[in-house]
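Asks: Sequence plus predicted model, see below.
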Amino acid sequence: MATSVHRNAQSAAGQNRGIALALLVSLLLHTPLFLSPGASRIGLSETTAPALQVRVELQEIAELAAPAPEPSDLREPSHGSAESVDERVADADPQLQAPEAPAPSESPALLDSAFAESPVDDARDGLTSAEPELANEPAPLAEAVVATVAPAQQAVLMRRLVREAPELLDSSALQRRLTFKHDGRKFTAVLTRQPALDGTGIERMLVEITTEDGGERMQTSMQMKRLAFSHFTQLVDRWDPWVQLHDDEIAGRFHSNSEILLTYDERVAPRLLGKVTTARRVRITDEKGWRPRREIFAGGPPTRTARVRLPEISLPVSHEDATRNADVQNVRSDSLIVFHPDGGYDCVELSSRAEARRQLAPDRPTYIIGARDTELHVRGVVNGNVTVYSPERIVIQGDLTYAHDPRTGGDGNAYLGLVSDGTIEIDRAEVTGPGDLEIHAAVYARKRFVVRNARARGGATLFIYGSLTASSVSETEPRYATRIEFDPRFEHTRPPGFPETDRYEIETWDGSWRVAEAPAQE
């Protein structure tokens, strides 16, 4: 704009030479004045006017180009390093902020003060092992962000919702309305269940929370995820008093409903590489030498949480699911199941040695269901989506692996679940053979996970890629050291019909208070 004004002045001077000559004479007559300090100041004042116009022009461009502030992203922060939304706004370049934006309301301060002195009590609030992941999509213009949800607010809301969400599981309702007060402020939460579409899905719950601040209704939204037992690398309900963690490595989420006992010596020590939670405590019973606690609890110190209840019956499929969404294959007597890389398996009746070749369904989950009092033995290479269930016992006779290892970029569509309302056992060394034993599966033993002949001298390793849940576990040493590594695919899916907990955790949260829509008139 300033440049175009200067060019117009030149054009006008060229057209009117008389005026130009008069200006020249005037300039010569007033030269002494321009040389005075006062005149210098006047000249500077005149030259600053175009600069002001330039800044206004740039400011308008910045106002049009400045991106809307994005919501915070709290994906699995390292301990003590989470970056808040407020920190991101504070670090933003002020030149990118719209200069004419209205000043924020006092809502953030008011909402912060309502939660400022509320402690977090993990022991009674259940499992909130993952930081909420904030939504990446920008909010619609009609739902402009008014305030970010401060960490203290997040803690109180998460604690209340994790405690209240399981109430919906005890009823047939898909929605629940919850009203509560904190420090004189009223909050209303509407929880809506989204059941899994099939036996491999994860159930979720949508939550809308509203409150009132200064006469204006505010709203925040989140999504919760129901935890299956396959979300845990290892979960044990009750540790036997003579069983201790020693030469064990657990990579992923670990939970115990009872006291955890561990020991170490100069050679080996247990290593818990993920988040550790317990309803009781962790006790070192016998230590030889010294090891730093951070070496044992590499994923952070143990956290107290509530007990996770194991369901009484774990039958993974209903008759309705069998007819619509899955292929159910029944086994009526004690049998050996041998899986093959081509997607088939042999079913060998142990008493008669009669053998039948069957196929895993290529387009839907397969359930191999043992009849009452039936014992199923398993081994082989799995190429399909299958769960093996026995109400009595499952015995692992050899390696159970996927045809295409997902850890090396193979086809990730193979899943194996082993579920028993009784025990799941590793067979004797003369059956499994010497050396290491590898199992790719999510394992659920309602009563007990057992290594037979655990005192046999072997010096081998029992490696489980997936998860292990049991009411209790036997000793494994000296026959096996144990290594359990979580299969990350289980965060988003589960083996067919794999048992679920009654716990929810926050999965995603936009992390913002927005102006809520007016309630519909009845």
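Replies: The structure has been received and is ready for your questions.

Asks: Give me the buried positions along stretch 146-154.
Replies: Within stretch 146-154, the residues that qualify as buried by neighbour count (16 or more other Cβ atoms under 10 Å) are 146-150, 152-154. C-beta coordinates here come from the backbone N, C-alpha and C atoms, glycine included.

Asks: Could you pull out the helices in the stretch 351-500 of the chain for me?
Replies: 429-432 (DSSP state H, counting those that start in this stretch).

Asks: where are the low-confidence patches of it?
Replies: 410-411 (pLDDT under 70).

Asks: Between its first and last residues, how far does stretch 488-499 reach?
Replies: Length of stretch 488-499, first residue to last, Cα to Cα, to the nearest Å: 17 Å.

Asks: Name the residues of it that come out as buried.
Replies: 489-491, 493-499.

Asks: what's the farthest-apart pair in the buried residues of stretch 146-154?
Replies: Pairwise distances across these peak at 17.4 Å for 146 and 152 (criterion: Cβ to Cβ).

Asks: one step back: taking the buried residues of stretch 146-154 one by one, which sit in helices?
Replies: The helices, defined by DSSP state H, take in 152-154 from the buried residues of stretch 146-154.

Asks: right, and out of the buried residues of stretch 488-499, which lies closest to residue 343?
Replies: residue 496 (15.0 Å).

Asks: quick one: that closest one and residue 361 touch, right?
Replies: No - Residue 496 is beyond contact range of residue 361, at 10.1 Å (criterion: Cβ atoms under 8 Å).

Asks: any common contacting residues for those two?
Replies: Counting by Cβ atoms under 8 Å, 6 or more residues apart in numbering, the contacts common to residue 496 and residue 361 are 326, 385.

Asks: Okay, strands next: where are they in the stretch 301-450 of the chain?
Replies: 303-304, 327-331, 335-339, 344-349, 355-359, 366-370, 375-382, 385-390, 393-402, 415-420, 423-426, 437-445, 448-451 (DSSP state E, counting those that start in this stretch).

Asks: How far off centre is the last one?
Replies: The gap between the average C-alpha position of strand 448-451 and the chain average comes to 30 Å, counting by Cα atoms, centre = their mean, to the nearest Å.

Asks: tell me the strands in the stretch 101-250 of the chain, going along the chain?
Replies: Remark: strands assigned in the stretch 101-250 of the chain by DSSP E, counting those that start in this stretch are 145-148, 175-182, 185-194, 204-213, 216-228, 234-236, 248-251.

Asks: Dump those strands into a markdown table; add mean pLDDT and distance to residue 394 as well.
Replies: A markdown table is the format used below for these (pLDDT from 0 to 100; distance: least, Cβ to Cβ, whole Å):
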| stretch | mean pLDDT | distance to residue 394 |
| --- | --- | --- |
| strand 145-148 | 78 | 49 |
| strand 175-182 | 89 | 37 |
| strand 185-194 | 92 | 31 |
| strand 204-213 | 91 | 30 |
| strand 216-228 | 93 | 19 |
| strand 234-236 | 98 | 18 |
| strand 248-251 | 96 | 22 |
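
Asks: Tell me which of these sits most buried.
Replies: Stretch with highest mean neighbour count among these: strand 234-236 (a mean of 24; mean count of other Cβ atoms under 10 Å).

Asks: Break this protein down into its domains, please.
Replies: Residue ranges for the domains of the chain, per automatic domain parsing: 2-65, 105-229+506-515, 238-307, 313-498.

Asks: Out of these, indicate the one that is most buried.
Replies: domain 313-498 comes out most buried of the domains of the chain by mean count of other Cβ under 10 Å, with a mean of 19.

Asks: end to end, how far does that domain reach?
Replies: So domain 313-498: terminal residues 12 Å apart, Cα to Cα.

Asks: Over to stretch 489-501?
Replies: By Cα to Cα, one end of stretch 489-501 lies 18 Å from the other end.

Asks: Run the chain-centre distance for it.
Replies: Centroid separation between stretch 489-501 and its chain, computed with Cα atoms, centre = their mean, is 14 Å.

Asks: Need the contact partners of that stretch.
Replies: 199-203, 226-231, 308-311, 314-317, 321, 326, 365-367, 385-387, 389, 406, 412, 415-417, 419, 441-442, 444, 466-467, 469.

Asks: for stretch 272-284, same thing?
Replies: Applying Cβ under 8 Å, 6+ apart, the contact partners of stretch 272-284 are 122, 127, 129, 233, 245, 249-264, 296-308, 486.

Asks: end-to-end on it?
Replies: This stretch, stretch 272-284, spans 14 Å end to end (Cα to Cα).

Asks: got any ranges where the stretch 1-150 of the chain has weak pLDDT?
Replies: Judged by pLDDT under 70, the stretches of the stretch 1-150 of the chain that qualify are 1-144.

Asks: any idea which of the buried residues of stretch 488-499 is the one closest to residue 515?
Replies: Nearest member of the buried residues of stretch 488-499 to residue 515, counting by Cβ to Cβ, is residue 491, at 33.6 Å.

Asks: first to last residue in stretch 360-376, what's the distance?
Replies: Stretch 360-376 end-to-end distance (Cα to Cα) = 17 Å.

Asks: wait, doesn't residue 199 sit right on residue 316?
Replies: Yes - counting by Cβ under 8 Å, residue 316 is a contact partner of residue 199 at 6.8 Å.

Asks: that older thread, now render the buried residues of stretch 146-154 as CSV, adding distance to residue 269.
Replies: Shown next, in CSV, are the buried residues of stretch 146-154 (distance: Cβ to Cβ, whole Å):
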residue, distance to residue 269
146, 51
147, 47
148, 42
149, 40
150, 40
152, 37
153, 40
154, 35
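
Asks: So which of these is the closest to residue 340?
Replies: residue 154 (49.6 Å).

Asks: and the gap between the closest one and residue 225?
Replies: For residue 154, the distance to residue 225 equals 16 Å [Cβ to Cβ, to the nearest Å].

Asks: Mind putting the strands of the stretch 301-450 of the chain into a markdown table with distance to residue 510?
Replies: Compiled in a markdown table, these are given as follows (distance: least, Cβ to Cβ, whole Å):
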| stretch | distance to residue 510 |
| --- | --- |
| strand 303-304 | 26 |
| strand 327-331 | 40 |
| strand 335-339 | 44 |
| strand 344-349 | 46 |
| strand 355-359 | 46 |
| strand 366-370 | 38 |
| strand 375-382 | 39 |
| strand 385-390 | 33 |
| strand 393-402 | 37 |
| strand 415-420 | 31 |
| strand 423-426 | 41 |
| strand 437-445 | 31 |
| strand 448-451 | 41 |
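
Asks: among those, which is nearest residue 218?
Replies: strand 303-304 (30.8 Å).

Asks: what about the closest one, average pLDDT?
Replies: Across strand 303-304, pLDDT averages out at 92.

Asks: so how far is it from its chain's centroid?
Replies: For strand 303-304, the distance to the chain centre is 18 Å (Cα atoms, centre = their mean).
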